[in-house]
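Q: Provided below for reference: sequence and predicted model.
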Amino acid sequence: MTASAQTPQITIYTDGAASGNPGPGGFGVVLLSGPYRKELMGGFRKTTNNRMELLAVIVGLEAIKNEGAEVVVYSDARYVVDAVEKNWVFGWEKKGFRGKKNPDLWKRFLSVLRKHRVRFVWVKGHASVPENERCDQLAVAAYKMPSLQIDHAYEAEDSPLF
């Protein structure tokens, strides 16, 4: 089947960052489709690098307007790429994500993943891949913003029980 107007081909680059782990964190996303380019970013006051890496992919996929797109996601996060390409996340899902970190994000990820035909490609971070470098710049700029969002799921999970 060839791509058509109904099934756009989209390339997504993603990166996540945290200053401290946990600490302030951010994500950056670059979406490319034909002549179109969109950049997205967001920052949180307390989170982890892995959460931001995964959230970057989620936000990128959620930004696609039409279902059924052919998507290639480039990420320097083995955490995300290996979880999908080695089918680990599907096993985690079958076990209800018992004992796994970030179940809230993995569930959200699987929901949006299933709307498209997605392939993941791991890229080495900080290796002069221009769009990956741009995502890193966006992620770092995001967590340096003066008004950061609250990562409610992480902060609730991280809170001590009384």
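A: Received the coordinates, thanks. These numbers come from a predicted model, not from an experiment.

Q: mind listing the strands for this protein?
A: For the chain, the strands defined by DSSP state E occupy 9-18, 23-33, 36-47, 70-75, 117-122.

Q: what's the most buried one of the ones you listed?
A: Comparing those by mean neighbour count (mean count of other C-beta atoms under 10 Å), strand 9-18 ranks first with a mean of 26. (C-beta placed from N, C-alpha, C; glycine too.)

Q: what's that strand packed up against?
A: If contacts are counted by 3 or more C-beta pairs under 8 Å, 6 or more residues apart in numbering; DSSP states H and E, strand 9-18 sits against strand 23-33, helix 49-62, strand 70-75, helix 130-143.

Q: lowest-confidence helix or strand of the protein?
A: Ranked by mean pLDDT, DSSP states H and E, the weakest helix or strand in the chain is helix 152-158, scoring a mean of 82.

Q: let's have the helices and strands packed on strand 9-18 in JSON lines, adding mean pLDDT and distance to Glu157.
A: Converted to JSON lines, the helices and strands packed on strand 9-18 look like this (pLDDT from 0 to 100; distance: least, C-beta to C-beta, whole Å):
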{"stretch": "strand 23-33", "mean pLDDT": "97", "distance to Glu157": "14"}
{"stretch": "helix 49-62", "mean pLDDT": "98", "distance to Glu157": "10"}
{"stretch": "strand 70-75", "mean pLDDT": "97", "distance to Glu157": "23"}
{"stretch": "helix 130-143", "mean pLDDT": "96", "distance to Glu157": "19"}
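
Q: with distance to Glu39 as extra columns, can I get the ones you listed in CSV?
A: Conversion of the helices and strands packed on strand 9-18 to CSV gives the following (distance: least, C-beta to C-beta, whole Å):
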stretch, distance to Glu39
strand 23-33, 6
helix 49-62, 10
strand 70-75, 14
helix 130-143, 6
